[in-house]
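Trainee: Build me a model:
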Amino acid sequence: MHCFLTTTPRVPAHKIGTLLGAPELQALSGKVRRLAELQQAYLSCAPHPLARASRVADYRTGTLVIAADNGAVAAKLKQLVPRLLVNIRKREPEVTGIKIAVQVKDITAGLQSQPGTDIPRIENIEVFRELAHRLPESGLRSAVRTLIRRHERRRSDDE
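Mentor: Got it, this is the predicted structure:
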C-alpha cells in the first residue's frame, strides 16, 4: 500500500494590519469607518424605538440613506426627517439630505415554526384529554377539547 501526500503551496502569513492596509481594502475600510460614524450620529439623534428598528445603510454625495425594518417605521422616520437632518448636521455638517428606505429583515430568522403548525406529541395529547376531563365546563375546557379535536383530525389526515 502506497500513501502519497500532496501539499499545497504555503501562502506567507501576514499581519492583519498589513492586510487591512492593502490598497484594495483601504477604500472599503474608509467607507465602513465613515458609515459607523454616521450610524453613531444617527443613533444620538433618532428616537430610541425608531433607531432600534432602522440603521444607516449608505451615504452618497451628502445624502444619508436610512433603512427601516418596515413601512410603519419608515413612515414615522419620514415625518421626522427635517428634525433628524438639523440634529445630524450639528455633528456631521456635510450631510445635506436624508432618504428613508424600507429594508425588511428576514422575519423567519427568529421563528421556530408558524403558530398552529406544531402537533403535540401523542403522550402530550393524553395529558390534554385528562385535563379536559377534570376541568369544569368553561371556556378553557372548550379550548382544550378543540385542541384535542384538531390533533385527531391532523393525525387522521396524515395517515
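Trainee: Every contact and neighbour count from this point should use C-alpha atoms.
Mentor: Fine.
Trainee: Can you name the next helix or strand after the longest helix along the chain?
Mentor: For the chain, the helix with the greatest residue count under DSSP state H is helix 23-45. Going down the chain from helix 23-45, the next helix or strand is helix 48-52, by DSSP states H and E.
Trainee: follow-up on the earlier one: which of the residues in the longest helix of the chain are buried?
Mentor: Leu35, Leu38, Gln39, Ala41, Tyr42, Leu43, Cys45 (16 or more other CA atoms under 10 Å).
Trainee: want to try TSV for those, with distance to Arg154 and pLDDT as columns?
Mentor: Formatted as TSV, those follow (distance: CA to CA, whole Å; pLDDT from 0 to 100):
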residue	distance to Arg154	pLDDT
Leu35	51	92
Leu38	53	95
Gln39	49	95
Ala41	53	94
Tyr42	50	95
Leu43	49	95
Cys45	52	93
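Trainee: Without its sequence neighbours, what residue ends up closest to Thr63?
Mentor: Distances taken as CA to CA, 6 or more residues apart in numbering place Gly97 nearest to Thr63, at 4.6 Å, with adjacent residues excluded.
Trainee: From Lys105, how far out is that neighbour?
Mentor: The gap separating Gly97 from Lys105 is 24 Å, by CA to CA, to the nearest Å.
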